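Student: Only the shape, not the letters, is given here:
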């Protein structure tokens with residue numbers, strides 16, 4: 001039972017997240033021949049104040 005975790009900044013719509021879960025499930029199923037009903041996708045959203053790249057928080061850019 002594959003479990004895929006996607007971490008991303010908050011702000012995506014429900015429709016975008018729905019599409020992401022669908023496409024990730026399809027990709028995993030095709031790649032490792034796992035049945036879609038056995039694949040779980042977890043979306044973890046982060047506030048921009050809690051994520052940084054190159055020494056700067058996403059909220060400060």
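Tutor: Done, it's in. Being a predicted model, the structure only gives us computed values, none of them experimental. Residues are numbered from 1 along each chain as shown.
Student: Looks to me like residue 21 is in a helix.
Tutor: Yes: assessed by DSSP: H, G, I helix; E, B strand; the rest coil, residue 21 belongs to a helix.
Student: mind showing which ranges of the chain have poor pLDDT?
Tutor: Applying pLDDT under 70 to the chain flags no residue at all.
Student: And for whatever helix or strand residue 17 lives in, what's in contact with it?
Tutor: Take DSSP states H and E as the rule and residue 17 turns out to sit in helix 14-32. For helix 14-32, contacts defined as C-beta atoms under 8 Å, 6 or more residues apart in numbering pick out 2, 4, 6, 12, 34, 35, 36, 39, 41, 43. For every residue, glycine as well, the C-beta is placed using N, CA and C.
Student: how far does that helix sit from the chain's center?
Tutor: Between the centre of helix 14-32 and the centre of its chain there are 9 Å (C-alpha atoms, centre = their mean, to the nearest Å).
Student: thinking again about what came up before, of all the contacts of helix 14-32, which two lie farthest apart?
Tutor: Maximum pairwise distance among those (C-beta to C-beta): 26.7 Å, between 12 and 35.
Student: between these two, which one's more packed in?
Tutor: Using other C-beta atoms under 10 Å, the more surrounded residue of residue 12 and residue 35 is residue 12, with 14 against 8.
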